[in-house]
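S.K.: Next one to model:
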Amino acid sequence: MLQNSDVAARIPAQDLARARSFYSSKLGLEPVEERPGGLRYKCGNSYFVLFESAGSASGNHTQMAWEVDDIQATVSELRQLGVVFEEYDLPGLKTINGIAEVQGNYPSKGGLGEKGAWFRDSEGNLLAIGQPIR
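M.R.: Below is the predicted model of the structure:
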């Protein structure tokens, strides 16, 4: 039933105008659809929605991620636009210049693991960029 359905993320924003500005100026994304209290974005064949919310994200886990072909180039481009990447030094997860290698992560992608980089949007949501290691 659900395995053949598309999935779309919902990301909370306490200040939708501030979030829209961040996603536009820092990530180069513009909404493809607007409604009161919500903005819909398209990336590749997927969609996500920023919705106005009185609550805030915990920021303790990745809420949405993009899979890219060249994580080094993507991180570099986003840094030039002012995106600040998280740095971690935890058991099993250490970033170097904002990028971590996670061995054995998602072997179904046909590789040895994944490179990942994390950043927060203007609303405190934790977002990520990933690249399979092949």
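S.K.: buried sites along the least confident helix or strand in the chain by mean pLDDT?
M.R.: Within the chain, judged by mean pLDDT, DSSP states H and E, the helix or strand with the poorest mean is strand 99-103; its value is a mean of 90. Neighbour-count burial for strand 99-103, with 16 or more other CB atoms under 10 Å as criterion, is recorded at 99-101. C-beta: built from backbone N, CA, C; applies to glycine.
S.K.: How about stretch 13-26?
M.R.: Buried positions in stretch 13-26, judged by neighbour count with 16+ other CB under 10 Å: 13, 16, 19-20, 22-23, 26.
S.K.: if you average pLDDT over that stretch, what comes out?
M.R.: Taken as a whole, stretch 13-26 has an average pLDDT of 97.
S.K.: same deal with stretch 72-91?
M.R.: For stretch 72-91, the mean pLDDT works out to 96.
S.K.: from now on call the first residue 636
M.R.: Got it, the first residue is 636 from now on, which makes the last one we talked about stretch 707-726.
S.K.: Pull the distance from it to the chain's centre.
M.R.: Put simply, stretch 707-726 sits 11 Å off its chain's centre (CA atoms, centre = their mean, to the nearest Å).
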